[in-house]
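J.: how would this look folded up:
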Amino acid sequence: MASSLVLASASPFRRMLLENAGIRFQAQAAAIDERAIENQIEGSGSSPEEVALVLAEAKARHVGEAFPDDIVIGSDQTMSLGQRVYHKPRDMQEAGDHLMSLSGQTHQLNSAIVLTRGNDILWKHVSSARMTVRTLSADFISRHLERVGEKALSSVGAYQLEGEGIQLFEKIEGDYFTILGLPMLPLLAKLRELRVIDA
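T.: Predicted coordinates:
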């Protein structure tokens with residue numbers, strides 16, 4: 001094993017996915033201003049998938065400064081409906097607006113991974129999942145948010161698929177790991193290729 005692995009994320013879900021897979025790594029949150037980076041590339045014609053890649057690379061590069069000899073895993077997820085990119089709702093009113101805009105629509109979760117070592121980008125990847133929300137009434141959304149409470153503010157779509165959020169959906173096309181924000185199968189394949197994990 002030539003390099004140590006560093007996960008540039010504070011996400012408990014991403015940490016759990018790597019731990020469950022038996023991967024040895026350390027985690028270090030990236031102190032970057034994601035909104036500022038998004039604002040810089042807004043209007044550049046970047047797709048939601050490209051935005052996710054830019055943010056994943058920024059995280060990997062930031063954390064990589066402290067770990068120049070290690071392979072750093074930067075990851076980010078964007079949620080899009082057409083060209084609209086969503087952000088975590090600021091309050092319950094905005095959470096309700098998010099859910100109403102998703103009602104009866106198919107949105108996309110775009111999960112990006114960038115691997116870096118020193119100044120080199122070793123690999124970039126984006127996986128997407130398509131999520132179809134059933135038609136929701138304003139009354140149902142209100143009752144749903146009352147039940148789930150502040151948890152709705154912790155995710156970009158104002159839902160947790162692993163909790164009551166599953167009730168919002170009619171159809172899901174895509175990989176479970178992509179939905180959680182770290183496409184594990186392509187990541188593991190690349191780490192084997194780089195001889196970072198046992199092949």
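J.: can we go C-alpha only for contacts and neighbour counts from here?
T.: Will do.
J.: what helices or strands is the helix or strand of the chain with the lowest mean pLDDT leaning on?
T.: The least trusted helix or strand in the chain, going by mean pLDDT, DSSP states H and E, turns out to be helix 34-41, with a mean of 86. Here helix 34-41 touches helix 48-64, going by 3 or more CA pairs under 8 Å, 6 or more residues apart in numbering; DSSP states H and E.
J.: helices and strands around the helix it packs on, which ones?
T.: Using 3+ CA pairs under 8 Å, 6+ apart as the contact test, the elements touching helix 48-64 are strand 5-8, helix 34-41, strand 71-81, strand 106-117, strand 120-133.
J.: Could you export that helix as CSV, CA atoms only?
T.: Extracted in CSV, the C-alpha atoms of helix 48-64 (Å, rounded to 0.1, in the frame of the first residue of the first chain):
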residue,chain,number,x,y,z
PRO,A,48,-24.9,20.5,-12.5
GLU,A,49,-22.5,17.5,-13.0
GLU,A,50,-19.6,19.8,-13.7
VAL,A,51,-20.5,21.9,-10.6
ALA,A,52,-20.3,18.8,-8.5
LEU,A,53,-16.8,18.0,-10.0
VAL,A,54,-15.5,21.5,-9.4
LEU,A,55,-16.6,21.3,-5.7
ALA,A,56,-15.2,17.8,-5.2
GLU,A,57,-11.8,19.0,-6.7
ALA,A,58,-11.8,22.1,-4.5
LYS,A,59,-12.3,19.9,-1.4
ALA,A,60,-9.6,17.4,-2.4
ARG,A,61,-7.1,20.2,-3.2
HIS,A,62,-7.8,22.0,0.0
VAL,A,63,-7.3,19.0,2.2
GLY,A,64,-4.4,17.8,0.0
